[in-house]
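# Predicted coordinates and the sequence they were generated for:
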Amino acid sequence: MNVNGSRPACLYNDPSVFVKTEFDTGSPDASMSTVLWAKTQQLQEDAFRQLQNIYGDHFPLEARHHLAPWLEQNFTTELDLANPQHEEHAQRLVLELVAQLESKAMEMTDFLIKNKLEQIVENFKQRYAHNPLSLYQTVQQCLNSEMHLVQRSEGVGVDPGTAMANDTIYQIQQQLNMLKKSTQECGVEIEKTRQMQEHHSINFYKHHQISVQLDSGQFQENSQEYLRWKEWRDKVAAELRQSFNNLKLQTSTLANRHLDMIKQVKELQYRVLDQELNKWKREQQLSGNGAPFSNNLDTIQKWCEDLAEIIWLNRQQIRQLEMIQEGLNIPSQETSMNILPELSDGLNVLLDSLVKSSFVIEKQPPQVLKTNTRFSATIRLLVGTKLNVHMSPPVVTASIISESQANSLLRAGHTKKTRSEFSSGDIVNNKQTMEYHQATGQLSVSFRNMSLKKIKRAEKKGTESVMDEKFALLFWSEFSIGNGEFHYQVCAPSLPVVVIVHGNQEPHAWATILWDNAFAEWGRQPFLVPEKVPWIQVANTLNMKFKASCGRGLTEENLKFLAGKAFSFRNMGYNADCSNLMITWSQFCKEPLPDRSFTFWEWFYAVMKLTKEDLRGMWIDGALLGFVSRQQAEEFLQASEVGTFLIRFSDSELGGVTVAWISLNEDTNQKEVAMLQPFTRKDLMIRSLPDRIHDCHQMILLYPAIPKDQAFGKYYSSPPETVPRNTRNGYVPHHLVNVIPGLSNFAQAPGPRERNGQLPRHSGNILLRPPVSALG
């Protein structure tokens, strides 16, 4: 890529960009698949430079160019990576992307382009081998940003959030480029000044030598030779005075330029660390609740590396200016006006802040941590490569700290700390050495086999339980830079974790984490959270969590139902407006629901777990109404055709799902709504819900009027008739059938999968039944 910011010539000379290529799939839209790239190449110079900032080492612009048609055809469709099918498709696309690049590299006759593409392929393999979905997300983000740039250049409306993100990337990179340029210009001026100072020193020595000659008595005073030497000395003295004043003025000017530059660096570093890096950390925290996470840590690392380089070069330049000043022998009364030491101190403070802030947890440990269970985490030092820390990689140590210890750590600030002060448990495999990854330019360490063996808990107050208690993992390291000139002790606390010892503690522990992730204020005292929050914020959080777990979010009606349940509005109905109400932590997960032994959160968590593990596909398809009260279900079905049924989550059974249907009472000729006893995960592991519905011939149409085979056919298991008799032992296979006792009296049925077949009455809800064709 052209480092000067101009457009690479190859982007305009390759005719394959504008014609159908071997990467086209032959679909009707294939010939139009380079429309975006063609428009991109018409961008104004300023916008094109912005594009170069979007495409970096994580996905180079050369790869975009050479795979333009194929990328636009395959990566412009949004996939839900929480959906296993979509995730599998995304992984296939990533593998094909690498294969396409390898193929393109083999075809190239130009050695430089061929070599560049091969480097990109190798980089992809090393960088994304353990996380191919990260490459998929990176490509999509780049293409989306490119599309928004093109749309903005054409005057088409762009999503404000995306436009702002693109503008931020561009603005920060522009400021960094300007600071680099200013630093480079200052370096040139300082070199000129140094040469001036050397010339001044030569003249000073010359003046001294002339003075020695004149004072030696070698010449008679007022002789022609004496006057000639004296005139020479006076001329050199005048030159010295002039060069001295010029040097003073030049060093003062350069010092003021550095002062302005340091102010700009300080402002930009605040933007990168306190805004962008903290925004990344906040998004990382919200992703624990299921929020989408646009992981731009590679971009932030590039910014931090550029800042480190600028700060380090400015420090060297300040030191050079100090040496120039020392060579001038400026009188002490004039040095009080010297700002160079202050500038040097300011740069050291900026460097200290940058190094300590860039020690980040790239991959958080699990926030619900079970003792004696293996877990992992990844730590990265964003400026490690630029400051040559990777030449002697430091050791990182992990410990677990309590809430009070986290507060002590915050109060300690920048004072030196000892690890022994900050530990509330024993972690095995808690020490690892950072590794330098040449392909990605990252200095990081992955803890893959940590395990918490023992935990020391604080005393509980009031109704507190162990699932309310929050800890954090603390990652430590120490290293030096600048040949030992600076020694740093860095640490990074993880997001709050709840430690459990048994699986039944998991629901409440996740409630603690969900509440903390959603409602913790940035910069708070660890680990304070509000006791009550607006219901609308809780609703958004529950929707986010459910969508991430189950593949589809909650509707407005679902959220109204949940509000009614959380606030126990049974008398007012489940459609009461709760948008302005506040919900307390106690209401959320401490107080049992009316006439129930479980809390609102326990009910919601159990429903979410059941949906994720057994009903996900049907939920995504919209086959489950789910969040419907018994009364609403009866109203819906009373207005429906006989044989209509719906699926709802049970109010009374934790983690239960029930089926309600409408039938006709032959005695009274009246419609009646019946509901099956709820199925739990244990039931559904024996026989799936679609199969159970298929067994029940009273259920014909899924509400409002969808034939059940159309809704659930793809989820049915194979019919038993397709299972052959075991030829080795002669046994006949059997299968389980769901039976609703007492509704129909049947004799013998030709088979459970025929709509008109009849099932015998059975006192249970499952029946062992061989196929009719079996002979024994």
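Now that the structure is in, tell me what you want to look at. Worth saying up front: this structure is predicted, and the values here are computed from it rather than measured.

# any weak-confidence spans in the stretch 651-776 of the chain?
The model of the stretch 651-776 of the chain has pLDDT under 70 over residues 719-730, 734, 742-776.

# Strands along that one, start to end?
Applying DSSP state E, counting those that start in this stretch to the stretch 651-776 of the chain gives strands spanning 657-665, 670-675, 701-702, 706-707, 735-738, 766-769.

# For the fourth one, report the contacting residues that lie outside it.
Contacts with strand 706-707, where a contact means Cβ atoms under 8 Å, 6 or more residues apart in numbering, come from Ile700, Leu701. For glycine as for every other residue, the C-beta is placed from the backbone atoms N, C-alpha and C.

# who does that strand pair up with?
Paired neighbours of strand 706-707 in the sheet (DSSP bridges): strand 701-702 (antiparallel).

# returning to what we had before: quick one, which of the strands of the stretch 651-776 of the chain is nearest to Gln442?
Closest of those to Gln442 is strand 657-665, at 45.7 Å (criterion: Cβ to Cβ).

# Counting residues, which helix of this protein comes out longest?
Of all the elements of type helix in the chain, the one with the most residues (DSSP state H) is helix 160-215.

# Which other helices and strands does the very next helix or strand once past that one contact?
Scanning forward in sequence from helix 160-215, with DSSP states H and E defining helices and strands, the next element found is helix 224-269. Using 3 or more Cβ pairs under 8 Å, 6 or more residues apart in numbering; DSSP states H and E, the elements in contact with helix 224-269 are helix 160-215, helix 297-328, helix 340-357.

# Run through the bridge partners of Ile647.
With beta bridges defined as DSSP bridges, Ile647 has these partners: Val659.

# and it, how far is that from Leu562?
17 Å (Cβ to Cβ, to the nearest Å).

# Can you pull out the low-pLDDT segments for this structure?
In the chain the weaker segments, taking pLDDT under 70 as the threshold, are 1-34, 80-83, 155-166, 331-337, 413-420, 462, 569-577, 719-730, 734, 742-776.

# what's around Asn348, how many residues?
14 (other Cβ atoms under 10 Å).

# And for Ile693?
When neighbours are counted by other Cβ under 10 Å, Ile693 registers 24.

# likewise Leu67?
Neighbours of Leu67 (other Cβ under 10 Å): 23.

# Report the contact partners of it.
When the contact criterion is Cβ under 8 Å, 6+ apart, the partners of Leu67 are Phe23, Leu97, Gln100, Leu101, Lys104.

# which residues in the stretch 351-500 of the chain form helices?
The residue ranges that make up the helices of the stretch 351-500 of the chain, judged by DSSP state H, counting those that start in this stretch, are 403-412.

# typo on my end, the stretch 651-776 of the chain
Shown for the stretch 651-776 of the chain, the helices assigned by DSSP H, counting those that start in this stretch span residues 681-686, 689-695, 708-712.

# between these, which gets nearest to Thr373?
Each of the helices of the stretch 651-776 of the chain was checked against Thr373 via Cβ to Cβ, and the shortest separation belongs to helix 681-686, namely 21.4 Å.

# who's in contact with the closest one?
With Cβ under 8 Å, 6+ apart as the test, helix 681-686 has contacts from Lys609, Leu610, Glu613, Asp614, Leu615, Gly655, Val657, Leu736, Ile766.

# Turn those into CSV, columns for distance to Leu350 and neighbour count.
CSV is the format used below for the contacts of helix 681-686 (distance: Cβ to Cβ, whole Å; neighbours: other Cβ atoms under 10 Å):
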residue, distance to Leu350, neighbour count
Lys609, 48, 17
Leu610, 53, 24
Glu613, 51, 14
Asp614, 55, 20
Leu615, 54, 24
Gly655, 54, 24
Val657, 58, 25
Leu736, 70, 17
Ile766, 70, 15
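
# who's in contact with the residue nearest to Thr193 when sequence neighbours are not counted?
Nearest residue to Thr193 in three dimensions, chain neighbours excluded: Gln250, at 4.9 Å (Cβ to Cβ, 6 or more residues apart in numbering). Contacts for Gln250 (Cβ under 8 Å, 6+ apart) come out as Glu189, Thr193, Met196.

# what about the first one, distance to Leu254?
Taken as Cβ to Cβ, the spacing of Glu189 relative to Leu254 amounts to 6 Å.

# out of those two, which sits in the busier spot?
Here Glu189 and Leu254 are set side by side on neighbour count (other Cβ under 10 Å), and the busier one is Leu254, at 20 against 15.

# Let me see the contact set for that one.
So Leu254 contacts Cys186, Glu189, Ile190, Thr193, Gln317, Leu321 (Cβ under 8 Å, 6+ apart).

# so can I have a markdown table of those residues showing distance to Asp426?
Supplementary listing: those in a markdown table, determined by distance: Cβ to Cβ, whole Å:
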| residue | distance to Asp426 |
| --- | --- |
| Cys186 | 53 |
| Glu189 | 58 |
| Ile190 | 54 |
| Thr193 | 59 |
| Gln317 | 49 |
| Leu321 | 52 |
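
# Would you write out the PyMOL command that picks the buried residues out of the residues you listed?
Listed next is the PyMOL selection for buried residues among the contacts of Leu254, using 16 or more other Cβ atoms under 10 Å:
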select buried, resi 186+190+193+317+321
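
# From the contacts of Leu254, pick the one nearest Tyr205.
Proximity to Tyr205 was ranked across the contacts of Leu254 by Cβ to Cβ; first place goes to Thr193, at 18.8 Å.

# any idea how far that closest one is from His207?
When distance is defined by Cβ to Cβ, Thr193 is 20 Å away from His207.

# Output the lengthiest strand in the chain as PDB, nothing but the C-alphas.
For the chain, the strand reaching the highest residue count under DSSP state E is reported as strand 442-455. C-alpha atoms of strand 442-455 as PDB (Å, rounded to 0.1, in the frame of the first residue of the first chain):
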ATOM      1  CA  GLN A 442       0.900  -8.100  19.100                       C
ATOM      2  CA  LEU A 443       2.400  -8.700  22.400                       C
ATOM      3  CA  SER A 444      -0.100 -10.800  24.400                       C
ATOM      4  CA  VAL A 445      -0.500 -13.800  26.600                       C
ATOM      5  CA  SER A 446      -3.300 -16.300  26.800                       C
ATOM      6  CA  PHE A 447      -4.100 -18.100  30.000                       C
ATOM      7  CA  ARG A 448      -5.800 -21.300  28.900                       C
ATOM      8  CA  ASN A 449      -5.800 -23.600  31.900                       C
ATOM      9  CA  MET A 450      -6.400 -21.400  35.000                       C
ATOM     10  CA  SER A 451      -8.500 -22.900  37.800                       C
ATOM     11  CA  LEU A 452      -9.800 -21.400  41.000                       C
ATOM     12  CA  LYS A 453      -9.100 -23.800  43.800                       C
ATOM     13  CA  LYS A 454     -10.100 -21.800  46.900                       C
ATOM     14  CA  ILE A 455     -11.900 -18.500  47.600                       C
END
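
# Now do that strand and helix 297-328, the angle between them.
Between the axis of strand 442-455 and that of helix 297-328 there is an angle of 110 degrees, by axes from the mean of the first three to the mean of the last three Cα atoms, to 10 degrees.

# quick one on the thing from earlier: can I get the contacts of helix 681-686 in TSV with distance to Gln73?
Putting the contacts of helix 681-686 into TSV (distance: Cβ to Cβ, whole Å) gives the following:
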residue	distance to Gln73
Lys609	38
Leu610	39
Glu613	35
Asp614	36
Leu615	34
Gly655	43
Val657	40
Leu736	46
Ile766	49
